[in-house]
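# Got a predicted structure plus its sequence, pasted below:
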Amino acid sequence: MPDTILTINAGSSSIKFALFAIGASGVLERSARGEVERLTTEPSLVISGRDGKVVEKKEWGRESPGFEPILRTVIERIEAHQGGDNLIAVGHRIVHGGSTHVRPERITPDVLADLDRLVPLAPLHQKYNLDPVRVLVSLRPGLPQIACFDTAFHATMAPVAYRYALPPEFEAEGIRKYGFHGLSYEYVAERLREIAPSLAEGRVIVAHLGNGASLAAIHGGRGVDTTMGFTALDGLVMGTRCGSIDPGVLLYLEQQRGMSAADVYDLLYRRSGLLGMSGVASDMRTLLASEEPRAREAVELFVHRIAGKIGEMAASLGGLDGLVFTAGIGERSADIREMVCAKLGWLGAEIDPVANERHAPVIARPGSRIDIRVVPTDEELMIARHTLKLA
Ligand code: ADP
């Protein structure tokens, strides 16, 4: 029976996980994946096996037993499915590593305390990312736990890319651009080295377009710039987040409208973006299918902002050799890719409509000055690779 690695991506209301078997010469193969949804209200667990068929299911009813018993059940069920206790390490997606945790690392009590101090920088995620670490320390003391940071990929940005124009004491306190979606960018950059090695050496913009959305400017596999900033609120229009906005708007909301900090937080994180603009949905499929003018306008702004920020990222790179689409919308929406590329003729981007419709790996028309690709991301595999290396 092969050794296995478990990856965990825990949020405020769900835990997503995957199990990887370590094959000959360290090749990782996903043998199961699953999710606990509605963690705090009516939790339900589904695990599916290698072929995608559901192998385990459990509902807890209206009384959530809390995080620890749920995680214990997840591990027991996964081990039952695997037929034994052969888990050698757990890798966690941790949204924030701050300025000092810039590569994956084994979680010690000191590291955990340090990551706790970053909770105010990512209140929506960090605490929930760390909860399973603590539970596993008590459930399985001695089992190596590895932290993989969403910020780490962008640690190679130069100060001119990550600084805000504020007095230096604010940067000393940690107020700077960090960038997120790093595990996705790292996976895509590694994948490009396999499938398009010369492009991987060049200047590439990766568009990670999901519920959360951002761009990364990457040169020779290293992060140069990105659209998310101090928080995952900045940059592109997202499902429910506003993206870039004049900070003066926040002053107006507080000073003139009398909105509290909590109200502004709720507005910008939960009631803006595609959902807020359209009044219809945060889900791109629903918006593309909708006849509502406001749904169309939301999609237009989504596309307009992506194209504009691609210009900004291309300037950071000093030119552009390739554009890669990834994540839910980037991988599956030919319409959005088409609309974005239609605004990039000035950069020399020409899309092949037939290849685009097929979601082909290369969607640039022959002769396009810029390579355009679709690369499915795999953040779980990236976490598993790091975990294997460090365990
Ligand atoms: P998350 O950021 O939560 O991981 P995903 O990467 O799964 O999100 O992306 C979710 C988004 O992808 C949703 O807006 C969904 O509507 C969109 N999406 C998924 N499939 C399609 C499709 N075929 N066409 C357009 N949008 C799609």
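Good, I have the coordinates.

# Identify the residues contacting F302.
By CB atoms under 8 Å, 6 or more residues apart in numbering, F302 lies in contact with L236, V237, L274, M284, I336. Any C-beta I mention is one placed from the backbone N, CA and C, and that applies to glycine too.

# residues in the stretch 251-391 of the chain within reach of the ligand, list them.
D283, M284, R285, L288, A327, G328, I329, R332, S333 (CB under 6 Å from any ligand atom).

# for this protein, what helix or strand is lowest in average pLDDT?
For the chain, using mean pLDDT, DSSP states H and E, the weakest element among its helices and strands is helix 67-82, scoring a mean of 86.

# Check which element follows it along the chain.
Reading on from helix 67-82 to the C-terminus, the next helix or strand found by DSSP states H and E is strand 87-94.

# From the contact counts, what lies against that following strand?
With contacts taken as 3 or more CB pairs under 8 Å, 6 or more residues apart in numbering; DSSP states H and E, strand 87-94 sits against strand 4-10, helix 67-82, helix 126-139, strand 145-149, helix 379-390.

# what does the last one rub up against?
Okay, so that is helix 379-390. 5, 7, 9, 16, 18, 20, 22, 26, 28, 30, 33, 89-93, 104-106, 144, 146, 148, 183-184, 186-187, 190.

# Using PDB, list the CA coordinates for that helix.
Once non-C-alpha atoms are left out, helix 379-390 reads as follows in PDB (Å, rounded to 0.1, in the frame of the first residue of the first chain):
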ATOM      1  CA  GLU A 379      -3.500  24.000  -6.500                       C
ATOM      2  CA  GLU A 380      -3.900  20.800  -4.600                       C
ATOM      3  CA  LEU A 381      -1.200  19.000  -6.600                       C
ATOM      4  CA  MET A 382       1.100  22.000  -6.000                       C
ATOM      5  CA  ILE A 383       0.500  21.700  -2.200                       C
ATOM      6  CA  ALA A 384       1.100  17.900  -2.400                       C
ATOM      7  CA  ARG A 385       4.400  18.400  -4.300                       C
ATOM      8  CA  HIS A 386       5.600  20.900  -1.700                       C
ATOM      9  CA  THR A 387       4.500  18.600   1.100                       C
ATOM     10  CA  LEU A 388       6.300  15.600  -0.300                       C
ATOM     11  CA  LYS A 389       9.500  17.600  -0.700                       C
ATOM     12  CA  LEU A 390       9.400  18.800   2.900                       C
END
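
# Can you point out the buried residues in it?
E379, E380, L381, M382, I383, A384, R385, H386, T387, L388, L390 (16 or more other CB atoms under 10 Å).

# Tabulate these (CSV), appending pLDDT.
Shown next, in CSV, are the buried residues of helix 379-390 (pLDDT from 0 to 100):
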residue, pLDDT
E379, 97
E380, 97
L381, 98
M382, 98
I383, 98
A384, 98
R385, 97
H386, 98
T387, 98
L388, 97
L390, 95
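
# just curious, which of those is nearest to the ligand?
E379 (8.5 Å; CB to the nearest ligand atom).

# Tell me the spacing between the nearest residue to A213 once chain neighbours are set aside and N211.
Nearest residue to A213, sequence neighbours excluded (CB to CB, 6 or more residues apart in numbering): L236, at 4.3 Å. With the distance defined as CB to CB, to the nearest Å, L236 ends up 11 Å from N211.

# okay, those two: which has more neighbours?
Neighbours were counted for L236 and for N211 using other CB atoms under 10 Å; L236 has more, 25 against 16.

# That one contacts G243, doesn't it?
Yes - between L236 and G243 there is a contact at 5.0 Å, judged by CB atoms under 8 Å.

# mind listing what E350 touches?
So E350 contacts C341, A364, R365, G367, S368, R369, I370 (CB under 8 Å, 6+ apart).

# Also P376?
By CB under 8 Å, 6+ apart, P376 lies in contact with T326, E331.

# and it, which of the three is it?
Of the three states, P376 takes coil according to DSSP: H, G, I helix; E, B strand; the rest coil.

# For it, give its distance to L124.
25 Å.

# wait, does stretch 77-96 contact the ligand?
No - residues of stretch 77-96 are not located near the ligand by CB under 6 Å from any ligand atom, the shortest gap being 11.2 Å.

# pLDDT score assigned to the residue lying closest to R241 once chain neighbours are set aside?
Spatial nearest neighbour of R241, chain neighbours left out: G273 (4.9 Å); criterion: CB to CB, 6+ apart. Note on G273: pLDDT of 97.

# The chain should start at 92 in everything you say after this.
All set: I'll call the first residue 92, so the last point we hit is now G364.

# Sort out which residues of stretch 311-325 are buried, please.
Within stretch 311-325, the residues that count as buried by 16+ other CB under 10 Å are 312, 314-325.

# Need the distance between the two termini of that stretch.
This stretch, stretch 311-325, spans 25 Å end to end (CA to CA, to the nearest Å).

# how far out from the middle of the chain is that stretch?
Here stretch 311-325 is found 11 Å from its chain centre; the criterion is CA atoms, centre = their mean, to the nearest Å.

# got it, and stretch 396-411?
Distance of stretch 396-411 from its chain centroid, counting by CA atoms, centre = their mean, is 20 Å.

# picking that back up, type out the PyMOL command that picks the buried ones from the contacts of helix 470-481.
Filtering the contacts of helix 470-481 down to the buried ones (16+ other CB under 10 Å) takes a single PyMOL command:
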select buried, resi 96+98+100+107+109+111+113+119+121+124+180+181+182+183+184+195+196+235+237+239+274+275+277+278
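
# quick one: which of the residues of the stretch 342-482 of the chain next to the ligand is nearest to the ligand?
Nearest to the ligand among these: G419, at 2.0 Å, using CB to the nearest ligand atom.

# my guess is that closest one meets R376, correct?
No - here G419 does not reach R376: they are 9.0 Å apart, not a contact under CB under 8 Å.

# Within the helices and strands, which one has the residue nearest to A304?
Applying DSSP H and E, one finds L327 in no helix or strand.

# give the contact list for it.
Taking CB under 8 Å, 6+ apart, we find L327 in contact with L300, A304, S305, L306, T318, G334, S335, F393, R396, I397, K400.
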